[in-house]
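A.B. asks: Attaching a predicted model along with its sequence, questions to come.
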Amino acid sequence: MSFFFEVLIGGLLAGVMYSLVALGFVLIYKASGVFNFAQGAMVFFAALTFVGLQERFGLPFWAAFVLALSVMVLVGIATERIVLRPLVNQPQISLFMATIGLAFFIEGLAQLIWGTEVRPLDLGLKDEPIESVLERLNMVISKFDLTAAAVAGVLVAVLAVFFNKTRIGRALRAVADDHQGALAVGIPLKQIWAIVWSAAGFVALVAGLMWGARNGVQFALTFVALKALPVLILGGFESIAGAIVGGLIIGAAEKLAEIFLAPKLGEWCQALFDVSLNLSGIEGWFAYVMALLFLLVRPEGLFGEKHIDRV
Amino acid sequence: MSALPVPSRPVGEVILAVENIALAFGGVKALSDVSFDVRESEIRAIIGPNGAGKSSMLNVINGVYHPQQGQVRFKGEVRRRMDPHHAASQGIARTFQNIALFKGMSVLDNIMTGRNLKMRSTLLEQALWWGRSRREELEHREKVEHIIDFLQIEHIRKTPVGRLPYGLQKRVELARALAAEPVLLLLDEPMAGMNVEEKQDMCRFILDVNDEFGTTIVLIEHDMGVVMDISDRIVVLDYGRKIADGYPAEVRSNQAVIDAYLGVAH
């Protein structure tokens, strides 16, 4: 039984890492109704900038963090100026297409500035089991995962209050729904977009650091964004709470499927069809299958806003 | 010009003057050389056949369109270019012909956005949901509840706007505009697509707003019965030009207006 919980907790903590990435998507989606294809690129760019600053100038953690954050804010403001401003009042598909272009641009820019090699990132957090838990409960819970979960938890709490309870949060949601209406009540569209892209840059930086510390800072970080997709489909694109719950579900389900479901499925295949099937590696695609099934049942996600379109 | 009807409400000085406005989109002239004024606390209607340039006129006043010629004078201040955000901060609120509400948000949240410009707390305070931000939110809720009460939409406060019938959506849009405590209220076809009863309600609300808050109102409307009943003065546009301007009785008997609406024998 303790092994089951170990797998479960490990999965939940890994899921939090997905949530971190999903959060960035949710931010932009809530404020512009657009799926930001460039989020993965931003994660990559943020992490690479952080590591690059540390390497090239020998900066301490906080200095590098603040500088990298400033760079992300600048990227956010520049995105508003150059990409989004000409697209006010345009259909959302145009904005989406623009973010695809943006993704390629940011990926290229990051490698142009900092180079293409894989870099290690050391946050001083070791990916080792917490001893007291190991002794008492005989479970392996990673310190690193637990810290990442705490960071994500704080981020989510702050963002949730910000979006739901404050004027700017409401303005963000208003902008997502209707540009014309938002302008008419005096919401400064440009400023709002700059704020939200900067916030998404901040989330990208945190996610980039966490993922970079685990896997090394490399181009593959951009694919982390793909893992956020099933999380978003489960949780709902416009819900911050959904991003976290979706992440937890996906993370736990993946790990449990890998450990417990895969051998079972293999046995059944053997018994029913007399085919021997090795399903280890189910972890890699199980999330997408879940998302696909979920789309059939509840396309707006667990916490998404249910839009009713009048015809 | 002797026996003009006296407006029912006390009407003050000119608050908005539109002077020689010309607006073109490429080769299409939406407005040419249109001038008129609006006095304080007045209900001023803009009428005209479809495509006459009525909505374009509102968009010019509200800063969505920038006219190629002419100027808008609001509260004595002349401006050539301004954006809707600036217009809103000067006290111009509006509703739209095809409703520009935030469909995923509740009625209450929609109306709260109308108070956006009245709130002062900083980004940091809001991020932490702390101090002024919290107090402010409660204060503004009270004002908003008053408007909700005024427009009799208590029962739908928490309903997402997208689920409401058309007539109620129009009313919520009016509520959002009122939440800004506007000096000048622009209404683009506030009664379009409504049944008789809903129209009567809307008329009453418009008159009440004008009466109770002294709000100056510029409205576009196609229902001539309504327009003649509630407006103090009427501007008539046709093909982007002003063809008549005056009190309802004058406009009603104006030959150019009758021709524009009914057509002329060639």
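C.D. replies: Nice, thanks for sending it over.
A.B. asks: buried ones in the one helix or strand residue B:144 maps to?
C.D. replies: Element membership for residue B:144 (DSSP states H and E) is helix B:132-150. When neighbours are counted by 16 or more other C-beta atoms under 10 Å in any protein chain shown, the buried residues of helix B:132-150 are found to be B:133, B:134, B:136, B:137, B:140, B:143, B:144, B:147, B:148, B:150. The way it works is simple: take the backbone N, C-alpha and C, and place the C-beta from them, glycine included.
A.B. asks: Show me what that helix is packed against.
C.D. replies: Of the remaining helices and strands, those touching helix B:132-150 by 3 or more C-beta pairs under 8 Å, 6 or more residues apart in numbering or on different chains; DSSP states H and E are helix A:167-177, helix B:107-113, helix B:123-128, helix B:166-179, helix B:196-213.
A.B. asks: what about that helix, average pLDDT?
C.D. replies: When pLDDT is averaged over helix B:132-150, the result is 83.
A.B. asks: Number of residues surrounding residue A:249?
C.D. replies: Burial measure for residue A:249: 22 neighbouring residues, criterion other C-beta atoms under 10 Å in any protein chain shown.
A.B. asks: secondary structure element for it?
C.D. replies: Per DSSP H and E, the secondary structure element for residue A:249 is helix A:240-256.
A.B. asks: does chain B sit close to that helix?
C.D. replies: No. With C-beta under 8 Å from any C-beta of the partner chain as the measure, helix A:240-256 is seen stopping short of chain B, the closest distance being 13.4 Å.
A.B. asks: Rounded mean pLDDT for that helix, please.
C.D. replies: Per-residue pLDDT values over helix A:240-256 give a mean of 89.
A.B. asks: likewise stretch B:87-107?
C.D. replies: Predicted confidence along stretch B:87-107 averages 88 (mean pLDDT).
A.B. asks: on that earlier part again, in CSV: the buried residues of helix B:132-150, plus distance to residue A:140.
C.D. replies: Below are these laid out as CSV (distance: C-beta to C-beta, whole Å):
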residue, distance to residue A:140
B:133, 43
B:134, 43
B:136, 48
B:137, 45
B:140, 51
B:143, 56
B:144, 53
B:147, 58
B:148, 56
B:150, 62
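A.B. asks: ok, these vs residue A:304, which is closest?
C.D. replies: Minimum separation from residue A:304 among the buried residues of helix B:132-150 (C-beta to C-beta) is found for residue B:137, which lies at 24.9 Å.
A.B. asks: Going by mean pLDDT, which of the helices and strands packed on helix B:132-150 comes out lowest?
C.D. replies: helix B:123-128 (a mean of 58).
A.B. asks: before we move on, back to that, okay, the helix holding residue A:249 in CSV with CA atoms only?
C.D. replies: The C-alpha trace of helix A:240-256 is given here as CSV (Å, rounded to 0.1, in the frame of the first residue of the first chain):
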residue,chain,number,x,y,z
ILE,A,240,-6.4,28.9,-12.8
ALA,A,241,-7.7,26.4,-10.3
GLY,A,242,-8.4,24.1,-13.3
ALA,A,243,-4.7,24.3,-14.3
ILE,A,244,-3.7,23.0,-10.9
VAL,A,245,-6.3,20.3,-10.6
GLY,A,246,-5.8,19.2,-14.2
GLY,A,247,-2.1,19.0,-13.6
LEU,A,248,-2.6,16.9,-10.4
ILE,A,249,-4.9,14.5,-12.2
ILE,A,250,-2.7,14.1,-15.2
GLY,A,251,0.4,13.7,-13.2
ALA,A,252,-1.1,11.1,-10.9
ALA,A,253,-2.9,9.3,-13.6
GLU,A,254,0.3,9.0,-15.7
LYS,A,255,2.4,7.5,-13.0
LEU,A,256,-0.4,5.2,-11.8
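A.B. asks: quick one: the helix or strand just after it to helix A:240-256, angle?
C.D. replies: Sequence order places helix A:262-273 as the next helix or strand after helix A:240-256, per DSSP H and E. Between the direction of helix A:262-273 and that of helix A:240-256, the angle (axes from the mean of the first three to the mean of the last three C-alpha atoms, to 10 degrees) works out to 60 degrees.
A.B. asks: Chain A against chain B: which residues are in contact?
C.D. replies: Residues of chain A lying near chain B (C-beta under 8 Å from any C-beta): A:158, A:161-162, A:165-171, A:173-174, A:176-178, A:180-189, A:195, A:238, A:305-310.
A.B. asks: residue nearest the centroid of chain B?
C.D. replies: residue B:186 (1.3 Å; C-alpha atoms, centre = their mean).
A.B. asks: pretty sure that residue is in a strand, no?
C.D. replies: Yes. Assessed by DSSP: H, G, I helix; E, B strand; the rest coil, residue B:186 belongs to a strand.
A.B. asks: list the contacts for the residue lying closest to it once chain neighbours are set aside?
C.D. replies: Of all residues not flanking residue B:186 in the chain, residue B:94 sits nearest, at 3.8 Å (C-beta to C-beta, 6 or more residues apart in numbering or on different chains). Residues in contact with residue B:94 (C-beta atoms under 8 Å, 6 or more residues apart in numbering or on different chains) are A:184, B:58, B:62, B:177, B:185, B:186, B:187, B:188.
A.B. asks: State the distance from the residue lying closest to residue A:128 once chain neighbours are set aside to chain B.
C.D. replies: Once its chain neighbours are removed from consideration, residue A:128 has its nearest residue in residue A:143; the separation is 6.0 Å (C-beta to C-beta, 6+ apart). Applying C-beta to the nearest C-beta, to the nearest Å, one obtains 28 Å for the distance of residue A:143 from chain B.
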